[in-house]
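J.: no FASTA, just this:
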């Protein structure tokens, strides 16, 4: 497995656990693939999925400021 470069602060155990949960599949621990889609001028949709398990782990719409 290749190392992931984090741009967030991950100094404490809780921060490391959170980043592990957000960036890896809870079933197989594979790094998640993130895809982004423009919905409109004001919103984008983020979809995280596991290439190994072939499941979508989250889909969230973000407002662009």
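T.: Now that the structure is in, tell me what you want to look at. In this text, all values refer to a predicted model and were calculated from it rather than measured experimentally. Numbers count the residues shown, from 1 in each chain.
J.: if you skip the residues just before and after it, what's nearest to the residue lying farthest from the centre of the chain?
T.: Computed with Cα atoms, centre = their mean, the residue of the chain farthest from its C-alpha average is residue 41, at 22.3 Å. Leaving aside its sequence neighbours, residue 41 sits nearest to residue 64 (Cβ to Cβ, 6 or more residues apart in numbering; 7.7 Å). Placement of C-beta: from N, CA and C, glycine included.
J.: Settle this for me: that neighbour is touching residue 43, isn't it.
T.: Yes: Residue 64 lies in contact with residue 43 (Cβ atoms under 8 Å); the separation is 6.6 Å.
J.: before we move on, back to that, show the contacting residues for the residue nearest to residue 41.
T.: Listed by Cβ atoms under 8 Å, 6 or more residues apart in numbering, the contact set of residue 64 reads 41, 42, 43, 44.
J.: In strands, which of these fall?
T.: Members of those lying in strands (criterion: DSSP state E): 43, 44.
J.: Let's see if you can find the most crowded of the contacts of residue 64.
T.: residue 44 (14 neighbours; other Cβ atoms under 10 Å).
J.: quick one: buried residues of stretch 22-29?
T.: By 16 or more other Cβ atoms under 10 Å, the buried positions in stretch 22-29 come out as 24, 25.
J.: Let me see the mean pLDDT of stretch 53-65.
T.: Averaging pLDDT along stretch 53-65 yields 90.
J.: what do you get for stretch 21-30?
T.: 89.
J.: which residues touch that stretch?
T.: Here stretch 21-30 has contacts from 1, 4, 31, 32, 50, 51, 52, 53, 55, 57, using Cβ under 8 Å, 6+ apart.
J.: Tell me which two in the residues you listed are the farthest apart.
T.: 4 and 55 (19.5 Å; Cβ to Cβ).
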